[in-house]
Structure formats: structure tokens, C-alpha cells
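> what follows is a predicted structure for the sequence shown.
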Amino acid sequence: MPGICDMEFLFPAVLYIVSFSSLIQSQQQSQSTCSYSIDQKGRKQVLCEQFRIDLGVSFNFNPNSFDLDTKVLIVTGSPSKPNQFNQTSNFNSTIFEEIHICYAPQWEIIGDDTFRLVSETLLVLNLTHNGLRSVNEGTFRNLSRLTHLHLDNNRIGFLPSSVFGYLTALRVLTLTKNLINNVEPRMGYQLGNLEVLDMSSNPIGSEILGGVEPTISQSFLTLFEDWPSLRILRLSDTGLKSLPWAVIQFRSPLLRELDFSGNQLENIGIGVTSTWTYGIIY
């Protein structure tokens, strides 16, 4: 979600300020505030920014200490002033519709069931610009109403086949600027409603095994069997040289935008120009 974690875009009208000391164990260990306001949809949202913990004391953030009618939570910082968020408890509030946690480079692991108890209301989960190294099936347990998942700018290198198994309503998935070099077969199982996938700036085509030119792997191609609703696919700067267009088009007939920029494509297959609606970027 472009700009959502950039503080200059947030909260044009602050309703009131609450001391963040009530949300951590020791107010002497941090300097921060949370700002409440109303977003464009008329929902109460809270912004907590630039957490700073002195002397390396661990950060103990309680995500369940906000006003009970808070719908949107934003925890952020900036590249020059990252926050020190590091998960210590699950989200127990049952009313969050959006959770945005960004610029926490020391946050490497999401505990199982972290967001399970907000599954009845959570629609948007934005975990960009963190230090996340892995995700698994338990990470997104029961999030069957989630429509947008953003995991860009992390250190994720592997996606288990069952990682998105609960996300049956997901429409937008972005994983740009990670370390993903392969995907498991049927990783997209249950993502029948997915419309937008962006995996740009991942080394998907970086490995050449047995002298084979880097291309979309067979396991990656099987994903399109699970994405009949896919409309936008972005795979820029992934090191790929070949695009098996006929296979992709057959399995995702609604696909209308494909971004392959930044790759040295030698073969994009047949049938692209005769069926394309909005264009192909390569």
C-alpha cells in the first residue's frame, strides 16, 4: 500500500494524543506517542511512530491496549528512524480492519496465530519494510476475510506450499524486494480470488541448474492453476529470460497486465499481441 507507512501521508487531522507509556511496560524505556484520528472512511485509526528503546532494552508492545472502537492500527517509523517493534503478544482485539506494521528491521519472526483472533474483521495486513525472514501456515491462520496482504521489503526467502491456505478471500498479494528464489507447487492453493500478484525484485530466475536458462519453474507455473481470477502479474527484475505465455494465458485467462521490465527476455512465447488488452511491459 504505497504511502500508508510514510508518516508524511498520515493523519491530516489529529483528534487527540495519548501517551504511549500506557502501551509498554516501562515508560522510562521509550519515547513515543500514539495519535488517534478519523480516516477517509470515517473509521477511528491510531498511528504509533518512531519507537526508540534506550540501552537495547527489549520492546514490549501491547496491541490490545487501544480504544475498543479503533479500526485501523499503524505502527511505523522511517528508514532513518526505524521503530523497535518486536512482537511479544498476539492481537486479541476483534475489531481491527487494517493492521500496518512497518520499518521494524529487528522483527524477524511472526509467531503462529498472531492474527488469528482478528480473523473475523481483518481485511488488510501490511507488514512491509521489516526484517521478516519467514512465514508459514500458522502466520495467517483463519484470516479468511483478508483481501490485501503486503509483505514487501523483507528478507523472506522461502514460501511453504500451505502458507496462504487460509486466505480464501485474498485479492491482492505483494512480495516485492524479498529473497524468494523459488516457490513450492500449489503455494497458491485456495487463492482463487487473487487478482493482483507482485513478486518483483526477487531472485526467482537467478539459479541455473544443469545449464538450463533461468525461466519460470514448473512449480511456479502450477500456481496459475489456482489463480483463474488473476488480472495483474508483476515479475520485474527477477532475472527471468523466458516467458511461457501460452501456459500462463491458458490457466489465467483474465490476465491483462504483465510487467516483466528489468529482465533480459529472449522469448516471450506466442499469442501475446493478438490477445493483449492493456499491454505488456518488458
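Great, that's in hand.

> from here on, contacts and neighbour counts on C-alpha atoms
OK.

> quickly find the element holding the spatially closest residue to Ile101 that is not a sequence neighbour.
Residue nearest to Ile101 in three dimensions, not counting chain neighbours: Val75, with 4.7 Å by C-alpha to C-alpha, 6 or more residues apart in numbering. Assigned by DSSP states H and E, Val75 belongs to strand 70-76.

> any idea how far Ser119 is from Asn126?
Going from Ser119 to Asn126 by C-alpha to C-alpha, to the nearest Å gives 15 Å.

> check which residues of stretch 67-85 are buried.
Applying a neighbour-count criterion of 16 or more other C-alpha atoms under 10 Å, one finds 70-78, 82-85 buried in stretch 67-85.

> can you pull out the strands in the stretch 101-250 of the chain?
Here the stretch 101-250 of the chain has its strands, by DSSP state E, counting those that start in this stretch, at 124-126, 148-150, 172-174, 196-198, 232-234.

> any idea how far the second one is from the middle of the chain?
Relative to the centre of its chain, strand 148-150 is centred 4 Å away, using C-alpha atoms, centre = their mean, to the nearest Å.

> which residues are contacting it?
1, 123-128, 170-175 (C-alpha atoms under 8 Å, 6 or more residues apart in numbering).

> switch the cut-off to 6 Å
Residues outside strand 148-150 that contact it (C-alpha atoms under 6 Å, 6 or more residues apart in numbering) are 124-127, 170, 172-174.

> cool, the third one as well?
Taking C-alpha under 6 Å, 6+ apart as the criterion, the residues outside strand 172-174 that touch it are 148-150, 196-198.

> what about Ser161, neighbour count?
Ser161 is flanked by 16 other residues according to other C-alpha atoms under 10 Å.

> quick check: it touching Gln190?
No - in this structure Ser161 lies outside contact range of Gln190 using C-alpha atoms under 6 Å: 10.9 Å.

> before we move on, the earlier item: the residue nearest to Ile101 and Leu125, how far apart?
Distance from Val75 to Leu125, counting by C-alpha to C-alpha: 12 Å.

> find the residue closest to Trp227 in space, skipping its chain neighbours.
Gly192 (5.1 Å).

> most centrally placed residue in the protein?
His150 (1.7 Å; C-alpha atoms, centre = their mean).
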